[in-house]
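model the structure of this input:
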Amino acid sequence: MQNKDILRKKYFIVRKKKYFDIKPSFFNPLIKLIKKKYSKKTINVSIYYPASFEANVLKLFEAEIISKLKILLPVLKKNNEMHFHEWEKNNVLQINKFGMLEPAMLSNHVIPDIMLVPLLAYDNSNNRLGYGGGFYDRYLNKYLKSNNNILTIGIAFSFQKYHKLPVSKEDVKLNYILTEKGIF
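Prediction:
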């Protein structure tokens, strides 16, 4: 089994070479899942601002369900914690210490109902290979204990699938993986 750092380098290269622009229909399986599972008026959905050839989750803004969603973006705190804050498509963003975009105007921290999670690779068991900072795993380990209703969905391309990722006790399995081939 390859170690995580080797796999990260490999999948950064693979994603850059094979990246393609997704269409809003990419999110149709997610929209069906939301309509099936959630009846409340507003659903808190955390997304990420796409970078480094990640699947463009901003295409979700083109879906009709967007009016039912309160969109959240991650904000990194000084103690290497991550919180989620409300963001609307044209609100001002700032660059954090990792070069990622995050909201400049901060609302109160909102715990997501649904978390769309970036990844470099995934496997059949819904394990996720992240970027190595542990932000999502720390957040989920902390908040899933008090709120096990956070639905986690890894967003990827089908070519990011790896047969069996190495995992540690801190790694959190995702509920679903969404690719251009559907939701699994």
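
low-confidence regions, the chain specifically.
1, 147-148 (pLDDT under 70).

ok, 80 please
For the chain, applying pLDDT under 80 flags the ranges 1-2, 40, 145-148.

in it, spot the helix with the most residues.
Longest helix in the chain by number of residues (criterion: DSSP state H): helix 4-18.

can you get me the start-to-end distance on stretch 28-46?
17 Å (Cα to Cα, to the nearest Å).

hmm, I typed the wrong one, I wanted stretch 175-184.
Stretch 175-184 end-to-end distance (Cα to Cα) = 9 Å.

now the residue minimising distance to the centre of the chain: phi and psi?
For the chain, V117 is the residue whose C-alpha lies nearest the centre (Cα atoms, centre = their mean; 1.5 Å). When read as degrees, to the nearest 10, the backbone of V117 gives phi -110, psi 130.

same question, I177
In terms of degrees, to the nearest 10, the main-chain angles of I177 are phi -120, psi 130.

cool, and K70?
Backbone geometry at K70, expressed as degrees, to the nearest 10, gives phi -100, psi 110.

quick one, what contacts it?
Each residue near K70 by Cβ atoms under 8 Å, 6 or more residues apart in numbering is listed here: 42-45, 86, 110. To be clear about C-beta, it is placed using only N, CA and C from the backbone, and glycine gets the same treatment.

ok, now with 7 Å
Contact analysis of K70 by Cβ atoms under 7 Å, 6 or more residues apart in numbering lists 42-44, 86.

need the contact list for the residue nearest to the centre of the chain.
128, 136, 152-155, 174.

how about it, nearest residue that isn't a chain neighbour?
Closest residue to V117 apart from its sequence neighbours, by Cβ to Cβ, 6 or more residues apart in numbering: G154 at 5.0 Å.

helices or strands next to whichever strand or helix holds that neighbour in the packing?
Using DSSP states H and E, the element containing G154 is strand 151-155. Secondary-structure packing of strand 151-155 (3 or more Cβ pairs under 7 Å, 6 or more residues apart in numbering; DSSP states H and E): strand 114-118, strand 176-179.

fine by me, thanks again.
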